[in-house]
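Engineer: Have a look; sequence and predicted model below, questions after that.
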Amino acid sequence: MDGVSTSQTAPIAFLKGHGTENDFVIVPDPDNAVDLPATAVAKLCDRRAGIGGDGLLHVVRSADHPEARAMADEAEWFMDYRNADGSNAEMCGNGVRVFARYLQRAGLVEEGDLAVATRGGVKKVHLAKDGDVTVSMGRARFPEEGVMVTVDGRSWPALNVNMGNPHAVAFVEDLDHAGNLLSVPPFSPASAYPDGVNVEFVVERGERHVAMRVHERGSGETRSCGTGACAVAVAAARRDGADPSVTGVPVTYTVDLPGGRLVITERADGEIEMTGPAVIVAEGHIDPALLTQVVPVSTETVIA
């Protein structure tokens with residue numbers, strides 16, 4: 001349906017899940033019948049006054065959502081993803097894994113391959129027997145403009161990587177050099193990221209094994225960032241002289257984040273695959289009154 005009811009009185013089902021501690025409120029709504037304006041989403045994601053989450057996964061059949069109908073022949077389910085501030089987002093790598101895990105838990109899909117529609121296009125997902133979920137994340141692009149990132153008087157060159165959203169990847173000696181990451185680390189030139197940027201700080205852990213911290217655009221430091229882990233793996237590969245599109249040999253990096261571990265593989269065709277856990281931790285019902293006790297927030301579409 002193109003519009004949704006604003007007169008909800010019955011409790012609304014929800015679940016809570018996370019992928020490497022990137023956590024989400026999940027609202028199953030196959031027929032797109034639940035009204036979820038930005039203000040309501042922000043309230044649900046509030047960690048003190050709501051359920052709490054880095055974002056919200058609105059589960060809708062593609063055929064019943066105006067933004068996804070064109071993808072309905074390829075993917076039955078649409079991940080209508082919202083940032084914690086209520087704004088729409090194109091994609092969320094950790095979110096797609098949790099979305100797929102919910103579909104499996106609800107008996108809507110089985111282990112194996114499936115397709116999930118997102119604002120960033122249809123994503124291929126594989127639910128493995130061991131519980132991990134793999135998502136095809138697309139290809140990385142490398143804008144030509146060089147970037148410098150500065151924290152507390154230290155500056156580092158950063159690789160400009162675009163995973164459908166912008167990233168600046170800086171290799172440092174110690175993750176503490178990233179500072180508190182409450183605000184976006186200064187970068188230059190400002191023209192490199194007119195709409196803001198995700199900034200990753202990376203250290204070595206071993207052969208094709210790195211660790212990272214990230215400031216996510218609009219959120220501050222988060223426990224995990226799927227597109228950020230992909231950007232870091234690709235940046236590490238290029239720094240190490242590995243380019244599968246040239247050699248024809250896939251390259252895999254293990255990426256440790258504060259919330260857990262992701263495995264990133266860049267294939268010879270340039271497609272990047274992300275593998276990691278996805279866990280459902282709780283379910284219950286939302287009091288509809290909660291959704292009306294809100295304040296206006298931005299509805300601008302961004303990509304975390």
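Structural biologist: Perfect, thanks for sending it.
Engineer: In contact with the nearest residue to E21 once chain neighbours are set aside, which residues?
Structural biologist: Leaving out its chain neighbours, the residue that sits closest to E21 by C-beta to C-beta, 6 or more residues apart in numbering is G259, at 2.8 Å. Bear in mind the C-beta positions are built from the backbone N, C-alpha and C, glycine included. By C-beta atoms under 8 Å, 6 or more residues apart in numbering, the contact set of G259 is 18, 20-22, 222-224.
Engineer: Domain boundaries for this protein, per the record?
Structural biologist: For the chain, automatic domain parsing gives the domain ranges 12-132+279-292, 147-276.
Engineer: just how off-centre is the first one within its chain?
Structural biologist: In other words, domain 12-132+279-292. Chain-centre distance of domain 12-132+279-292: 11 Å, with C-alpha atoms, centre = their mean, to the nearest Å.
Engineer: How about stretch 222-241?
Structural biologist: Put simply, stretch 222-241 sits 13 Å off its chain's centre (C-alpha atoms, centre = their mean).
Engineer: which stretch among the domains of the chain comes nearest G138?
Structural biologist: domain 147-276 (6.0 Å; C-beta to C-beta).
Engineer: Report the distance from that closest one to the chain centre.
Structural biologist: Counting by C-alpha atoms, centre = their mean, domain 147-276 is centred 14 Å from the centre of its parent chain.
Engineer: Can you lay out the domains of the chain as a markdown table showing mean pLDDT?
Structural biologist: Below are those laid out as a markdown table (pLDDT from 0 to 100):
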| stretch | mean pLDDT |
| --- | --- |
| domain 12-132+279-292 | 94 |
| domain 147-276 | 95 |
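Engineer: now for those, which one comes closest to R141?
Structural biologist: domain 147-276 (4.3 Å).
Engineer: Show the end-to-end separation of that closest one, please.
Structural biologist: 30 Å (C-alpha to C-alpha, to the nearest Å).
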